[in-house]
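> what shape does this take:
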Amino acid sequence: MLVATLLTAPGKSSLDPTLVESLRNAWGGDAVVWLAPDEAAEFRLSHRPGNLWDVWANLQNLHVDLAVQDEGGRRKRMLLADMDSTVIQQECIDELADEAGVGERVKDITARAMNGELDFEGALVERVRLLAGLDVQVIDKVLSERISHMPGGATLIATMKANGAYAALVSGGFTAFTSAVAAALGFDENRANTLLEKDGKLTGDVARPILGRAAKVEAMEDITARLGFSETDVIAVGDGANDLGMLHRAGTGVALHAKPSVAAECDIRINHGDLTALLYVQGYAKTEFVPVRA
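Residues are numbered from 1 along each chain as shown. Got it, this is the predicted structure:
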């Protein structure tokens with residue numbers, strides 16, 4: 001059996017019961033189960049609808065996300081998450097570049113790299129070179145003044161961990177940021193690139209090997225092997241081209257507020273919901289969410 005999940009952005013939109021019931025009826029689904037009033041609902045169906053993506057596109061215009069997937073094995077034992085524009089709302093290197101006075105130049109390179117137009121590793125080296133001479137204390141300033149967590153992230157991690165899951169943050173960004181974000185949100189481990197520094201200044205280079213697309217897949221292979229999990233036990237989430245490897249390999253790959261070229265390669269695309277959408281996709285009801293401090 002398959003399951004169709006419909007959801008909206010918490011507190012911003014309302015999921016119309018009539019809309020949900022109409023789709024259930026059109027697709028010949030079983031009774032609707034509400035995971036959260038006005039926010040998320042699901043129903044089982046026997047086959048994948050031929051008009052799935054047409055319906056998905058129409059629902060996007062109503063600020064509703066739709067995912068159809070196998071019902072079995074939805075609840076995962078491991079979360080593998082990208083950081084920039086996924087677990088946090090910014091791109092760390094862009095924020096550092098603003099402080100260095102090269103913000104617009106770096107943002108353009110970042111956008112093209114995340115959309116798959118540029119080689120990730122080459123683009124990272126080029127952007128980091130522009131940060132040469134920046135005081136390392138600026139990193140703490142950016143963390144405290146410019147970085148905000150994506151809504152729902154702490155709840156996602158706390159709820160999955162309360163149900164026995166493992167949470168890993170794997171980023172093409174920098175350890176100076178992933179270590180802080182992982183500690184704040186409750187990740188079990190984090191992996192990223194290391195900015196090199198000398199005499200309190202960034203050198204304009206990054207330690208090798210560079211963690212990019214292939215390294216994210218390798219991280220999934222390494223962590224699942226160590227924990228005795230299979231890749232089908234993983235739900236992965238990301239937004240950029242360098243995330244596609246892990247999104248394709250994971251049991252469930254979620255493109256969250258992703259670049260169009262990235263979303264087009266993923267079966268589960270969340271454009272309106274926050275990170276709690278990953279809980280609804282796994283079949284968690286809101287009453288099962290673990291409360292966290294704001």
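> how far away is the closest residue to residue 90 other than its chain neighbours from residue 85?
Closest residue to residue 90 apart from its sequence neighbours, by C-beta to C-beta, 6 or more residues apart in numbering: residue 147 at 5.7 Å. Every C-beta, even on glycine, is put in place using the N, C-alpha and C of the backbone. Residue 147 sits at a distance of 11 Å from residue 85 (criterion: C-beta to C-beta, to the nearest Å).
> returning to that earlier point: for the residue nearest to residue 90, give me its contacts.
By C-beta atoms under 8 Å, 6 or more residues apart in numbering, the residues touching residue 147 are 88-90, 92, 95, 177, 181.
> among these, which one sits closest to residue 68?
residue 89 (27.8 Å; C-beta to C-beta).
> was I right about the closest one contacting residue 153?
No - with contact defined as C-beta atoms under 8 Å, residue 89 and residue 153 do not form a contacting pair (9.9 Å).
> TSV for the contacts of residue 147, including pLDDT?
Below are the contacts of residue 147 laid out as TSV (pLDDT from 0 to 100):
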residue	pLDDT
88	98
89	97
90	96
92	96
95	96
177	97
181	98
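> can you give me the helices in the stretch 51-200 of the chain?
For the stretch 51-200 of the chain, the helices defined by DSSP state H, counting those that start in this stretch occupy 52-60, 92-100, 103-114, 120-129, 137-145, 153-162, 175-185.
> wait, which of these is closest to residue 232?
helix 153-162 (15.7 Å).
> secondary structure class for the residue nearest to residue 8 when sequence neighbours are not counted?
The shortest distance from residue 8 to any non-neighbouring residue, by C-beta to C-beta, 6+ apart, is to residue 15 (4.9 Å). Following DSSP: H, G, I helix; E, B strand; the rest coil, we place residue 15 in the coil state.
> residue contacts, residue 15?
Contacts of residue 15 (C-beta under 8 Å, 6+ apart): 6-8, 38-41, 64.
> so which of the helices of the stretch 51-200 of the chain gets nearest residue 24?
Closest among those, using C-beta to C-beta: helix 52-60, at 11.8 Å.
> which helices and strands does the closest one pack with?
strand 65-70 (3 or more C-beta pairs under 8 Å, 6 or more residues apart in numbering; DSSP states H and E).
> list the buried residues for the strand it packs on?
By 16 or more other C-beta atoms under 10 Å, the buried positions in strand 65-70 come out as 65-69.
> so how far is it off the chain centroid?
16 Å (C-alpha atoms, centre = their mean, to the nearest Å).
> could you do stretch 173-182 as well?
With C-alpha atoms, centre = their mean, you get 15 Å for stretch 173-182.
> any regions of the stretch 101-250 of the chain where pLDDT drops low?
By pLDDT under 70, the stretch 101-250 of the chain has no low-scoring segment.
> parallel or antiparallel, list what pairs with the lengthiest strand in the chain.
The single longest strand within the chain, with elements called by DSSP state E, is strand 166-174. Strand 166-174 pairs in its sheet with strand 78-81 (parallel), strand 189-193 (parallel), by DSSP bridges.
> these: which one's closest to residue 29?
That would be strand 78-81 among the strands paired with strand 166-174, by C-beta to C-beta, at 27.9 Å.
> so what touches that closest one?
Against strand 78-81 from outside (C-beta under 8 Å, 6+ apart): 87, 156-157, 160, 165-170, 187, 216, 219-220, 223-224, 227, 229, 233-238, 246, 250, 278.
> for stretch 225-232, same thing?
With C-beta under 8 Å, 6+ apart, stretch 225-232 has contacts from 73, 77-78, 166, 220-221, 223-224, 249-251.
> what residues sit buried inside it?
Those would be 229, 231, for stretch 225-232 by 16+ other C-beta under 10 Å.
> before we move on, what about stretch 192-209?
Result for stretch 192-209 [16+ other C-beta under 10 Å]: buried residues 192-193, 195, 197, 202-206.
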